[in-house]
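**Q** Have a look at this prediction, sequence included:
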Amino acid sequence: MSLSLPIPILIVDDEADLRNLLVEALEDQGYAAEGAEGGAQALALVREKHFPVIFTDLNMPGGLSGLELLRVIHEEDPRSLGILMTGYATTESAIQALKRGAYDFIQKPFKLAEIEAGLERALEHYRLKRENEEYQQNLEHMVEARTQEILGLKNDIERLFEGFVNASVTAIEARDPSTSGHSSRVAELTVGLAEAVNTTPNGTYGGLYFNPLQIREIRYASLLHDFGKVGVREQVLVKAKKIEGERLESIYQRLHQRTLEAMREGMLDAWSKGRAFDHNGVGLLLREQEEETHRLMELVRRSNEPTVLPQEVAMELNLLEDLTFQHWSGDRRKLIERQDIDLLKISKGSLSDEERDEIQNHVTYTYKFLSQIPWTKELAGVPGIAWAHHERLNGKGYPRQLLDQDIPVQSKLMAVADVYDALTAADRPYKAAVSVERSLEILDQEAKVNLLDGEVLRIFIDAKIYERTIGHGKVGP
């Protein structure tokens, strides 16, 4: 997607000399640069036209700070990319700025070359995002067209299968961007494991050999093992906290409203008894109510994290059950609904039992989808291999609780690869990445309790299969 020339660029800085210098420099480079001395002026310009890139000072006296300005601008025009400029940069402040929506971070004093380089990166990112948006809009039609092509052109099935698989992986990752690259990495690891099995002379799998067609079958099953996620609701698929979005904001707002209601009731009670206005008393009451509100908000915040919920925190949540607020209709209603309290009481992770079942159903969705594809005789095992990648040797896997002897060997290989990549992936919104060393220890623990195949894990470690994906969306050793 090409940008119309000249490209509009906005510079927001209360230092007129610096602002004018940047505007003039960018105009010399052929950009349609404009300046604003503060947040109000910047917002007025943003409401008039679209600026692909906005440079703003982090600290501006009065009005909005740079981060606040970018947040408001994002609400007005989500496509704009913000680059913060500050003379008080630290690693922590840079990280926080990027986490809170800034695209880039430039430390003052800077050279014009740094501004130009940052602008070029931002514009390239902007272009790619617009292209990706257009691609995602057409993705469903692309997949449908490719599927029909596969069914109709059997003589060219090899080429069409590759195209279909690649498009399907793109669809999976577009559905859940937080796991981008996971399917390809699992395929790389599982194929590597299968090839290592072929060279293992003894042990449980010493006599097992996968021919090239079987290796291809394993690769397709691995690439498509999570395709069923397209049938899982997005808010469940990428859920990082137990309660998110407007529901969480509503709880905080009601807690705040409860403070105001308590203040109102306290003053009305005093006036009804003929007491004079007591400024100190009102201030004390307000502080007490605000302290309680902050304590309850903190309780909600702590409980909302997907980490293990301490027992004492779970007990405190009982305090929330009887809290009420006045609805606009005049009725007294529960401040926090029962289902939200149940969510906050989840002992580990962010998913309720129903949501976890929905996530786990992606395996069955995958199987049903893959079973509808007219695979060749050599690739007929793809649906079954993918279907069993979450089964465990002791029968505690899903969706069918298969035992060791009923799980395909190919699925046992994929299970080790899938768990390893899930542990080491650095881009999940609900967990931090685990080091390679610690991930291998966890895999060993799971093998010892008969969840994963111990012999498969031994081959995985001895052949150093895990090294195949180090550096590709994962943490280092």
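**A** Arrived safely, thanks for sending.
**Q** Next up, phi/psi of Ala422, please.
**A** phi -60, psi -40 (degrees, to the nearest 10).
**Q** That one: how many residues sit nearby?
**A** Ala422 sits with 16 neighbouring residues when counted by other C-beta atoms under 10 Å. The way it works is simple: take the backbone N, C-alpha and C, and place the C-beta from them, glycine included.
**Q** helices and strands of the protein: which one bottoms out on pLDDT?
**A** helix 234-237 (a mean of 65; mean pLDDT, DSSP states H and E).
**Q** what's the offset of the helix or strand following that helix from the middle of its chain?
**A** Sequence order places helix 245-272 as the next helix or strand after helix 234-237, per DSSP states H and E. Its chain's average C-alpha position is 33 Å from that of helix 245-272, according to C-alpha atoms, centre = their mean, to the nearest Å.
**Q** Please apply the same query to stretch 5-20.
**A** With C-alpha atoms, centre = their mean, you get 33 Å for stretch 5-20.
**Q** Check which residues of it are buried.
**A** 7-14, 18-19 (16 or more other C-beta atoms under 10 Å).
**Q** ditto for stretch 363-374
**A** 363, 365-367, 369-370, 373.
**Q** For the stretch 1-150 of the chain, just list every one of the strands.
**A** 8-12, 32-36, 53-57, 81-86, 104-107 (DSSP state E, counting those that start in this stretch).
**Q** Can I get those in JSON lines including distance to Asp421?
**A** Listed next are the strands of the stretch 1-150 of the chain as JSON lines, based on distance: least, C-beta to C-beta, whole Å:
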{"stretch": "strand 8-12", "distance to Asp421": "40"}
{"stretch": "strand 32-36", "distance to Asp421": "45"}
{"stretch": "strand 53-57", "distance to Asp421": "35"}
{"stretch": "strand 81-86", "distance to Asp421": "31"}
{"stretch": "strand 104-107", "distance to Asp421": "29"}
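**Q** Output these in TSV, with mean pLDDT and distance to Lys348 appended to each entry.
**A** What follows is the strands of the stretch 1-150 of the chain, written out as TSV (pLDDT from 0 to 100; distance: least, C-beta to C-beta, whole Å):
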stretch	mean pLDDT	distance to Lys348
strand 8-12	94	44
strand 32-36	93	48
strand 53-57	91	41
strand 81-86	88	36
strand 104-107	85	35
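**Q** Leu323 is nearest to which of those strands?
**A** Taking C-beta to C-beta, strand 81-86 is the member of the strands of the stretch 1-150 of the chain nearest to Leu323, at 38.4 Å.
**Q** sorry, back to before: and the buried residues of stretch 5-20, which two are furthest apart?
**A** Ile7 and Asp14 (24.2 Å).
**Q** Flag the shaky bits of the stretch 151-300 of the chain, pLDDT-wise.
**A** 151-157, 175-178, 234-239, 273-279, 281-282 (pLDDT under 70).
**Q** Show me where it has its helices.
**A** Taking DSSP state H, counting those that start in this stretch, the helices of the stretch 151-300 of the chain run over residues 157-175, 182-198, 212-223, 234-237, 245-272, 279-303.
**Q** nearest to Asp28, of those?
**A** Once the helices of the stretch 151-300 of the chain are compared by C-beta to C-beta, helix 157-175 is nearest, at 39.7 Å.
**Q** Give the buried residues for that closest one.
**A** Residues of helix 157-175 classed as buried: 157, 160-161, 164-165, 168-173, 175 (neighbour count, 16+ other C-beta under 10 Å).
**Q** Stretch 74-83 now?
**A** For stretch 74-83, by 16+ other C-beta under 10 Å, it's 80-83.
**Q** Relative to Leu64, which of the buried residues of stretch 5-20 is nearest.
**A** Val12 (9.3 Å).
**Q** Report the contact partners of the closest one.
**A** 19, 35-39, 41-42, 54-57, 60, 66, 69 (C-beta atoms under 8 Å, 6 or more residues apart in numbering).
**Q** dump the residue contacts of Leu413.
**A** 190, 193-194, 197, 218, 456 are the contacts of Leu413 under C-beta under 8 Å, 6+ apart.
**Q** returning to what we had before: out of the helices of the stretch 151-300 of the chain, nearest to Gln311?
**A** The closest of the helices of the stretch 151-300 of the chain to Gln311 is helix 279-303. By C-beta to C-beta, the value is 12.0 Å.
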